[in-house]
Every structure is written in structure tokens, then in C-alpha cells.
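Trainee: Generate a structure from the sequence data that follows.
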Amino acid sequence: MEWRLINSRFRGKCAACGSEIEAGAQIYWKRRQAIHVACMNGQRPAEEPQGHPAERDQQVPEPKQEKVRPLGNVRYVAPGEPEPDPAEWEYRKTSKKGNRVYVRRPVSTEMLRKMVAEALGQLKPEVKEIVVKVADRPAITMEERAHEKFAEILDLAAQRMEILMIGPAGCGKSHLAEQIAKALGLRFGSISCSAGMSEGQITGRLIPTGDGGRFEYQRSQFVEFYEEGGVFLLDEIDAADANVLLVINQALANGHLPVPNRVANPQAKRHPDFVLLAAANTFGNGANRMYVGRNQLDESTLDRFRIGQVLMDYDQELEESLLSDGRLLERLWSIRRKAAECQLRRVVSTRFIAKAATMQTAGWGSDKIIGQLVCGWTQDERSKVGVN
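Mentor: Alright, predicted model coming up:
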């Protein structure tokens, strides 16, 4: 029987030098004799080997080059020890001593690509600044961090599409609309919609400001932006009266808007640089448990925004740039996650996190900030999110 080069499965002693052999070490093996590779190659001083005289007098042959399984590809698990990850290790057999033998699974090309993709996904490159270049306009430098949906909305706005941003309260919809205006080099205006708003807030009013109390037409901000260009936001559009918003429909569909109170020029023409955005907490289906003050929107209004619907959520990378205290941020995220899992009518918004960062700079502690967040919550709600 010839000497074989293997990996030692157990601890033992070298037959050549008598020193200890660690489990997993490479050795030469023959008929229950184990010898260090270094001893076999004459790299270690030979000591009196232990064993029978016949074994000591036996001439050690020249080492034979054989294929050896790389270290770490075989794993022995003693009884009572936890099982290794089955995705990485494959069970083969159980030894006579009860040790379970596992062999590392080969890494396929698909698995390797997945591992690389996951590793790259965890990388968070530091963004120094954002430079926006639209068509032949001058480049605009954005000095502040933008929401992850910024690029998608900017693409739509650059093509002058009507945009409907749908997302939870305080996720940054209104602020993002202002950033879009800055990126396009246009001015920004907005109106907060409600069930009590009138058509006059869209088309303008007649006000007795003339000589002798004569009524004169006062142009609304919407008509001003519609005729002269700019980014205009219909904030909380799902809280507006659906019939009032029908006035918007014609302005978006035909490129002109009737202005009946302006006798001298009763029709407004849409400017090429007019961009309309709308922000909503619902899809226009009416009130729900979270947003009880919402109205159902007419399908003809929703159809104007169909191609420009953008679903938004809380951007954690943006929140990390706002609040530098990682431990406080993790606590706030945990409360948000548990509130969603328990279907509580509570939000932990990006807006609150930005304000928390300001107050922490002013000297507030984490407990004070958390206390302000859950102020007004019931004891049951606090218990569900882990706040006492």
C-alpha cells in the first residue's frame, strides 16, 4: 500500500516526529500511520517515531503528487452541534463516531451572479452633487439629496407629462415637486386642494377693486403659470371636489382653458413650459382607514395622469442623509415597520425624521424625540410598536 496525501479528519500524532497533528491538516497516510507533509519532505528535523521497531526502520518513500480536496470544502459536525446552512453545505454521510459529514456545494454561475449583485446592492456610493441637464437648457446643480423617484419624475416632467405622485403622508412629495422645478429652471407654485375649493381658485375671480367698486378680473396663480410657464402642484388632489377638478380636465386635454370672468381675453392658452404635478395619499378611490378626508376622483381626471402615475414611499437613503444618529434612525424605522405590520393608523414620516434631526441638533435626546412621536397614541398602540 502506498502513502496517500489527504486531509486529516481527526487530531493525532505524527509517526515521524511525534508532534500533534491538527484536524484538517494535510498529512501522508498509510495503514493507520500519519506523517506531516513537512516530515515527509525532510523540512522538519526527524525525531524518534513512536510505534514498533519495524515501523521505525521502515524507509519513507518519496512523496507522490495526488489531487487533494482544498481545505474548507469538507465539514464535520459533532453530535449536538447546529446544522450548517443547507444552501451552502450538502450532507453526505454520518461517520462511525456519529459525526455528520458535509461537503460544500459548488457555486454555479447563476449563484455567483446573485452573490455579486447582492454585494453591489449593499454598496452606497456617496453622492456629492446632482447635475441636471435637460435638452438645450443650462445645467442645474442640485445641492441637496433627492428622493429615489426624482429621476423618474424628471423624465416625465421634461416631456411635459402630467404627473400624479401617490404615497404616504410626509414621504416628500411636495418637496420633490419644488426640486423638479429647480432642476428644470422653472418657477414653482402650488395650491392645497380641499372639498370646499371653488372653480374661481383655478380660473380666477371678479373682485371689486376698480374705481367706484367696479369688479375687475383677478388672475389666479394657476392661470398665470398656465399662460406664462412654470411647475404647478395640485397638493392633496384626492381631497378636492371632483366636480371642481373637471375644470382642470379641459386645460390638460385641449391646450387651452376657458376663463369666463376675463371678458377681454376669455381663453387662456397653455405655455410650452407649463408642467402640472399632483400629490395624493390615495389612488382617488375615496377615504380609507388611514386617510379619512379623501374624496373619490372622477375617472376622466385620473386618466389625464395615467401615464404619469408615480408610486412613492419613504426613501431610507434620503432619511439617512437627514438624520446622522443611526441608533435613533433604526428605532424610528422599527416603529414604522411594526405600525405597518399591526395595521395601525400611524405614520413615521420622512418629514418627522427631518424635524427630529433639527431638534436633536438643538439638544433633544432620543427618548424625547420618540416621546413626541407617540404622543397621543394609545397604550395598546405603544405596546405594539415596542414603546413603553
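Trainee: Now do the helices in this protein.
Mentor: Listed in chain order, the helices of the chain (DSSP state H) span residues 37-40, 53-56, 109-121, 150-158, 173-184, 200-203, 221-228, 246-254, 299-304, 316-322, 326-341, 350-361, 366-373, 379-384.
Trainee: what's the most buried one of those helices?
Mentor: With neighbours defined as mean count of other C-beta atoms under 10 Å, those peak in mean count at helix 173-184, which reaches a mean of 22. (C-beta placed from N, C-alpha, C; glycine too.)
Trainee: now that one and helix 150-158, what's the angle there?
Mentor: Taking axes from the mean of the first three to the mean of the last three C-alpha atoms, to 10 degrees, one finds that helix 173-184 is oriented at 60 degrees with respect to helix 150-158.
Trainee: Export helix 173-184 to CSV, keeping only CA atoms.
Mentor: These are the backbone C-alpha positions of helix 173-184, laid out as CSV (Å, rounded to 0.1, in the frame of the first residue of the first chain):
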residue,chain,number,x,y,z
LYS,A,173,-44.0,64.6,-2.5
SER,A,174,-44.4,68.4,-2.2
HIS,A,175,-40.6,68.9,-1.6
LEU,A,176,-39.8,66.8,-4.6
ALA,A,177,-42.1,69.0,-6.8
GLU,A,178,-40.1,72.0,-5.8
GLN,A,179,-36.9,70.2,-6.7
ILE,A,180,-38.3,69.3,-10.1
ALA,A,181,-39.0,73.0,-10.7
LYS,A,182,-35.4,73.9,-9.8
ALA,A,183,-34.0,71.1,-12.0
LEU,A,184,-36.0,72.4,-15.0
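Trainee: Quick check: which of the helices of the chain is nearest to Ala16?
Mentor: Put simply, out of the helices of the chain the one that sits nearest Ala16 is helix 37-40, at 3.9 Å, with distance taken as C-beta to C-beta.
Trainee: and that closest one, what other elements does it pack with?
Mentor: On a contact count with 3 or more C-beta pairs under 8 Å, 6 or more residues apart in numbering; DSSP states H and E, helix 37-40 meets strand 26-30.
Trainee: for the strand it packs on, the distance to its chain's centre please.
Mentor: The gap between where strand 26-30 is centred and where its chain is centred comes out at 52 Å by C-alpha atoms, centre = their mean, to the nearest Å.
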